[in-house]
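Asker: Sequence plus predicted model, see below.
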Amino acid sequence: MNASMLSYILFSCLLLSVQAEYCGVREIIRYTESLLDNSSVSCPCRQTAINSCSCLPIPERGHELACFVDGTKHLMENNESSNPVIERLYWTFQALLDRNLCKRLAGGNQCQYETKGNVTEFLEKILTTYQEIEK
C-alpha cells in the first residue's frame, strides 16, 4: 500500500466520522430561536378540542428526531402562510433521521411521546434538546 492510498483512506475515514456526527446544532438553534421570537402561539394545547392551537408531540428521550419531523411537518401542513424557517427545520430533521447523521439523537424512527404541547412548548423542546448537544 503506497502513501497516497493510505492518505486517501485516512481522509475518507475522517470525512465519514465528521459526517456521522453532523447534528446541525447551530442552524437548528438559530432557526428555533427565530421561530420562538416570532411565535404568537402560547395558548394551551387541548388534545380533544379543535382550536387554533396545534397539539404537537413532546418526545420521550431517544425519539426526539422522529417527533421533531412529525411536529414540523404538522406545522408546515397546518400553517396558513408558508414559513420558510419551519420548512428548513423540517427538511433538516428529515435528513438527519433518514441518514442517521446525528448519533446523539439516534433512536427510533417512530415518534413516541406521553404528552403533547402547543407550538411554543414544542419549539422549546427542540431548543433545549439541541442546547444539550451543544454543551
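Answerer: Thanks, I have the structure now.
Asker: quick one: the strands in the chain?
Answerer: Here the chain has its strands, by DSSP state E, at 56-59, 113-117.
Asker: For residue 99, which of these is the nearest?
Answerer: Closest to residue 99 of the strands of the chain is strand 56-59 (C-beta to C-beta; 19.0 Å). C-betas here are computed from N, CA, C, even on glycine.
Asker: what's the offset of that closest one from the middle of its chain?
Answerer: Centroid separation between strand 56-59 and its chain, computed with C-alpha atoms, centre = their mean, to the nearest Å, is 11 Å.
Asker: Need the CA coordinates for it. PDB is fine.
Answerer: The C-alpha trace of strand 56-59 is given here as PDB (Å, rounded to 0.1, in the frame of the first residue of the first chain):
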ATOM      1  CA  LEU A  56     -47.500  18.700  18.900                       C
ATOM      2  CA  PRO A  57     -45.700  15.700  20.300                       C
ATOM      3  CA  ILE A  58     -43.200  16.400  23.200                       C
ATOM      4  CA  PRO A  59     -40.900  13.400  22.600                       C
END
